[in-house]
Each structure stands twice: as C-alpha cells, then as structure tokens.
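could you work out the structure for the sequence below:
(4 chains)
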Number of protein chains: 2
Amino acid sequence: MEVLIVEDECAIAGSLKKNFLNAGHHAIIVTDGEAALSTIKNIQYDVILLDWKMPKMTGLQLCKKMKGAGLKTPIILLTALSEISNKVEALNAGADDYITKPFSFEEVLARINAVLRRYQSSVSALPFGDYSLDLIERTVISTEDKIRLSEKEFDLLRYFLLNRGSIVSKEQLCEKVWNIACNPETNFVEVTIKNLRKKLETGLNKKFIRTIYGEGYIFFAD
Amino acid sequence: MEVLIVEDECAIAGSLKKNFLNAGHHAIIVTDGEAALSTIKNIQYDVILLDWKMPKMTGLQLCKKMKGAGLKTPIILLTALSEISNKVEALNAGADDYITKPFSFEEVLARINAVLRRYQSSVSALPFGDYSLDLIERTVISTEDKIRLSEKEFDLLRYFLLNRGSIVSKEQLCEKVWNIACNPETNFVEVTIKNLRKKLETGLNKKFIRTIYGEGYIFFAD
DNA sequence: AACAATAATGAAAAATTATTCATTTTTTAA
DNA sequence: TTAAAAAATGAATAATTTTTCATTATTGTT
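Okay, here's the model as predicted:
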C-alpha cells in the first residue's frame, strides 16, 4: 500500500512512516500542502493522511482543494483539536474520516482499512489507460467518448480488468464470464475478444488485450 | 427518516429524540438490547444509534449480534470512553461509525448523513416484496429463484424502485429510462411494463405496478 | 522451410430484445 | 349507460446480440 503522509511534525510523521514500513507498506512524507499537491500529480496513493494544522495551508483547505479537483483517493484527517465543529467541518470538506490525536498506529490501520473497505465496495468504475469502465452504465468512457458495450463484451472486459496483468485462459473465461464449461468446438470467446478489441483499440495504436499463444490472454491497462 | 435510539440514559435519549422530531424525523427509544433486537424484527430503521454501555448487553455485543444476523442498517455507536482500543473494537464489531460523548446534535446529524451517503453509493441491491433487484447481476432474486431481465426491463424496474410510492408518468419514464422525449405515437413504455409485470407477477397475486389512469404508474413494494 | 496447432476474422445463422401496430379492455366522466 | 380517452395485449417487424461456421493468419516446433 502507498501512503502519503502530509504532516509537519517530524516526530509524528517519522513514527507513522516507520510503522507503515514495518507493516510492509510504503509511506512518503511531505511537510506542506504545496508538496502534497505536486506529488499526487505523479504518484497514485492508496490513502492520504493529512494533518489538520499545517504551515501555509490548513489540512482542511488542502482536503477541499484536492477533493474539489476530483481526487478519488481517500483522505483521513489527523487532528489534535477535539472540538465538535471541527469534526463536522472535516466530513463536510470531503474527508473520508478523521483521527484525533493522540492515536495509536493500530487505530490508524483500523481506520484506513475501514475506509478502504468502503471504497472497495462502492467502486463504480474501473480505470484503464485513458479509459474507464463505468460499472453502473456499463459503458466505456474516455475523454468525451462513450463506447456502448454489449452484455458479453461488458462481462468480458470487467473480468479482464479485475484480473489485469495475469494470464486468463479460454477455459477460465468460459467458466467465469459465460458460466459454462469450455467446449473446444466453439470459438465464441475468440469472437467476443475480437469485437471487444475492435471497440477499444480502433483509433489507438495501443493493444490492451495481448494473446499468449497456447495459454490465453493478458490485459494490460498501461 | 426512522431512527432507533438504544440508550438507557433518559436525558441523552430524550434530548436526541426531541431533536430528531424537530428535524422532521421519527425516533424510537429502547433502553436495552433485548428490546432493540425485538423491534428491528418489525420495523425497518434507516439508522441505529447504540450506546456503548448498557444493561444486560453492551452496545458492542449487541452490534456484533445484529450485524452477525445480517442486519444491513447502519449502526453508530455512542461512547463516553475515549480509550483508543474501543474505537478500534467498535469498527471491528461492524459498527459503521462512532461518536464520542459529549456530542452536539449537529455532529450526530453530520455523522448519520455521512454514513447514509456511504450506504447509498455502495448499495448493490434494491429489495422489494419477497424479491431483490441485484444491481450488479441485473437480475431479480427471490428465494432460490433468479429472473433474468432485459436491459430495458432492468432500467425500468430500477427506476420504479428508486421512486417507489410516488407516481411516475409515461413522459418521465421516456425521459429518465429511455433518455428520449416522449412521443405519444409510440407505446413501448406500456409494452415494457406489460413484460415486466409478467416476469414479476406470475405465480403471485401481488401487483407491484399499479396504474393511475391518466397520470402514470406507482410501484408498491409492500 | 514445412507442418501442426492455435488464434483471428468475416460473414451467416440463431436467438434475443426493442419497437411498432392493430385490436381489445378498462376507466372516467358526461 | 354510453362514449371517449387511456391502457393492456398479442403478434408482427426491426434491431441487436450471440453463436456458429468456414476460411485465413499466426505461432511454435521439427
């Protein structure tokens, strides 16, 4: 997991980072809002821990700014203040949760997991390349384009996206996408892949679905 | 909104209830876990506020018990204790959030709204009668039955369920479900309603979709 | 390079879904 | 009670999707 820690108190930030590394995660520390805004442009974090009180820009302002710009990454505010109005403000600013200092690392992890669980279950789109598969509308969305998918094309693409980067065999696709045992006499899997490729790859010179001869297919989002 | 308050301190419970009524909601107070378990069998609440410390059963035990039994209603724990381990425990017990005493009613409302917002966006099925519309699989599920719906039938049923109890006109359906302006020459809305009715109401003597002559249709989940 | 196995493709057939149409039934109001 | 409006229905047609099929292209192996 990639964690961004936006915190100017070295002691707290350093302790958090050490704990994250021990737990097998990555953590990057920045000490002000400007730095935070610039790093989220380059790196996609899984969660952002944001100090309420910070130089130049408060955590709240930063939170509003990032969420306002369409950032989907969950943000957890760290606050030393226990006044009620702040909690309300935090949620209204688009924060996904907040933790009051002092806190244990155990609590931080529990909060992060709770927030991520929420996100997981409420995911409504799967991004890939310059596209995104809208799971509600069942269409592929790009910059101002909408590609309609048939039912089987949608099921197939969703399966590819949930298994991106790993080989999926034709048998697997028959079972998981078509819910039937694979019959080597038929080739509807190949046909549907052909049609999906046509819809996704026309105009682009990208190849999302790579064939592994004799084994299956791999989906590359790149 | 229907709120269940499980709290043995009369002062707090009474004040909460008064505030909810002022805000235009309904609130029911029970003072122990047994009573809570029995009322949730009969009434479907929108949110449950649960005191941490209670006679017979702690709020935590009750929370675990209710969520373990498959209750989907969001639960917010009220706790006077500020020890860190409790917060973690609360989330692990399946609570959706917690509020530490003392709290303002403003905070309670903000928390409830945040929790409901989460639920709204992560809802994956819309229940009605003895059925449930699975928004992921796009099928109607009942006890061991699965009814496949065509795309238009699904869109129509989802729209009805999201507007249950209120009249929806044919014009409205054209615009919202078919995304086209209504043309009085055509009657595909009626035809699709007929087909949906056939799929839902065969075998049952229930009527989910009621016609309001000259106005439109109402969906009753009962 | 040649062969066999595997995959891709275009087009046709089959199946499903969406819409139209003509007719019957129901509802409301005179 | 009856006439007009609105809705329901069965069946036909149109459009789309799914699957099959025959053929061509590609890949890996000898």
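
now do the helix or strand containing A:Arg111 against helix B:105-122, angle only.
Following DSSP states H and E, one finds A:Arg111 within helix A:105-121. If you take axes from the mean of the first three to the mean of the last three Cα atoms, to 10 degrees, helix A:105-121 sits at 50 degrees to helix B:105-122.

I'd like the mean pLDDT over helix A:105-121, please.
Mean pLDDT, helix A:105-121: 78.

run the chain-centre distance for it.
14 Å (Cα atoms, centre = their mean, to the nearest Å).

can the helix or strand just after that helix be found next to chain B?
Once the chain leaves helix A:105-121, the next helix or strand it forms, by DSSP H and E, is strand A:125-128. No: counting by Cβ under 8 Å from any Cβ of the partner chain, chain B is not contacted by strand A:125-128; separation bottoms out at 12.0 Å. For every residue, glycine as well, the C-beta is placed using N, CA and C.

okay, now the sheet partners of strand A:125-128, with direction.
strand A:131-134 (antiparallel) (DSSP bridges).

report the mean per-residue pLDDT for the partner strand.
pLDDT averaged over strand A:131-134 gives 86.

can you give me how far that strand is from the chain middle?
Distance, centroid of strand A:131-134 to centroid of chain: 13 Å (Cα atoms, centre = their mean).

next one: stretch A:46-66
The answer for stretch A:46-66 is 20 Å, by Cα atoms, centre = their mean.

now it: buried residues?
By 16 or more other Cβ atoms under 10 Å in any protein chain shown, the buried positions in stretch A:46-66 come out as A:46-52, A:54, A:57-60, A:62-66.

ditto for stretch A:162-176
Neighbour-count burial for stretch A:162-176, counted by 16+ other Cβ under 10 Å, picks out A:Asn163, A:Arg164, A:Val168, A:Lys170, A:Gln172, A:Leu173, A:Cys174.

as JSON lines, the residues you listed with pLDDT and distance to A:Thr39 would be great.
Shown next, in JSON lines, are the buried residues of stretch A:162-176 (pLDDT from 0 to 100; distance: Cβ to Cβ, whole Å):
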{"residue": "A:Asn163", "pLDDT": "82", "distance to A:Thr39": "30"}
{"residue": "A:Arg164", "pLDDT": "82", "distance to A:Thr39": "25"}
{"residue": "A:Val168", "pLDDT": "89", "distance to A:Thr39": "34"}
{"residue": "A:Lys170", "pLDDT": "91", "distance to A:Thr39": "42"}
{"residue": "A:Gln172", "pLDDT": "88", "distance to A:Thr39": "38"}
{"residue": "A:Leu173", "pLDDT": "91", "distance to A:Thr39": "39"}
{"residue": "A:Cys174", "pLDDT": "90", "distance to A:Thr39": "44"}
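
and the helix or strand containing A:Met66, how far from the chain's centre?
Using DSSP H and E, A:Met66 sits in helix A:59-68. Relative to the chain's own centre, helix A:59-68 is displaced by 18 Å; criterion: Cα atoms, centre = their mean.

following element in sequence after that helix, please.
strand A:75-79.

rewinding a little: show me what the helix holding A:Arg111 is packed up against.
The contact analysis (3 or more Cβ pairs under 8 Å, 6 or more residues apart in numbering or on different chains; DSSP states H and E) places helix A:105-121 against helix A:10-22, strand A:47-51, strand A:75-79, strand A:97-100, helix B:84-92, helix B:105-122.

right, so of these, which gets closest to DNA strand D?
Between DNA strand D and the helices and strands packed on helix A:105-121, the shortest separation by Cβ to the nearest atom of the strand is 26.5 Å, and it involves helix B:105-122.

quick one: buried residues of the closest one?
B:Glu107, B:Val108, B:Leu109, B:Ala110, B:Arg111, B:Ile112, B:Ala114, B:Val115, B:Arg118, B:Tyr119.

can you put those residues in a markdown table and add distance to A:Gly33?
As requested, those are exported to a markdown table (distance: Cβ to Cβ, whole Å):
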| residue | distance to A:Gly33 |
| --- | --- |
| B:Glu107 | 26 |
| B:Val108 | 31 |
| B:Leu109 | 30 |
| B:Ala110 | 24 |
| B:Arg111 | 27 |
| B:Ile112 | 30 |
| B:Ala114 | 24 |
| B:Val115 | 28 |
| B:Arg118 | 26 |
| B:Tyr119 | 31 |
